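Visitor: The amino acid sequence is not available; the structure is as follows:
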C-alpha cells in the first residue's frame with residue numbers, strides 16, 4: 001500500500017468514527033429511574049439484556065423490563081419486531 005493510500009484510509013476511518021460519535025451523542029440517554037415519581041414496578045428486578053426500547057416523551061431503556069420499572073408509556077422495540 002502506498003503511503004498516500006494509507007493516509008487516505010486513516011482519514012476515512014477517523015471521519016467515520018467521528019460521525020458515529022456525533023450520532024450516538026444525539027440520542028437521549030437511557031433511563032433507569034421513573035421520571036414522574038414512584039412507580040408500582042419500581043422494585044422489579046430486570047435482566048441485563050440489551051434489547052433497547054424507545055418510549056413516548058423521549059425515554060430510552062435497555063429493555064422492556066426497565067421501561068416497565070419506570071412506568072414508561074408507549075414503548076416500541078428500537079430494532080423493530
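Guide: Structure received. A quick note: this is a predicted structure, and the numbers were derived from the prediction, not measured.
Visitor: average pLDDT for stretch 66-78?
Guide: Mean pLDDT, stretch 66-78: 89.
Visitor: Tell me the buried residues in that stretch?
Guide: By neighbour count on 16 or more other C-beta atoms under 10 Å, the buried set for stretch 66-78 is 66, 67, 68, 69, 70, 71, 72, 75. All C-beta spots, glycine's among them, are computed from the backbone N, C-alpha and C.
Visitor: now, which of those lie within helices?
Guide: When DSSP state H is applied, the buried residues of stretch 66-78 are split such that 66, 67, 68, 69 fall in helices.
Visitor: Not counting sequence-adjacent ones, nearest residue to the third one?
Guide: Among residues not flanking residue 68 along the chain, residue 41 sits closest, at 5.3 Å (C-beta to C-beta, 6 or more residues apart in numbering).
Visitor: The first one now?
Guide: Across the structure, with C-beta to C-beta, 6+ apart as the measure, the residue nearest residue 66 apart from its sequence neighbours is residue 46 (5.2 Å).
Visitor: pretty sure the one you found is in contact with residue 67, am I right?
Guide: No - at 9.3 Å, residue 46 does not count as touching residue 67 under the criterion of C-beta atoms under 8 Å.
Visitor: quick revisit: who are the contact partners of the residue nearest to residue 68?
Guide: Counting by C-beta atoms under 8 Å, 6 or more residues apart in numbering, residue 41 touches 68, 69, 70, 71.
Visitor: Please, which helix or strand holds the nearest residue to the second one once chain neighbours are set aside?
Guide: Looking back up the chat, that one is residue 69. Computed as C-beta to C-beta, 6+ apart, the closest residue to residue 69 that is not its neighbour in sequence is residue 44, at 4.5 Å. Under the criterion DSSP states H and E, no helix or strand holds residue 44.
Visitor: Quickly list the domain ranges of this structure.
Guide: What automatic domain parsing lists as the domains of the chain is 1-28, 31-81.
Visitor: For residue 41, give its distance to residue 16.
Guide: Residue 41 sits 40 Å away from residue 16, going by C-beta to C-beta, to the nearest Å.
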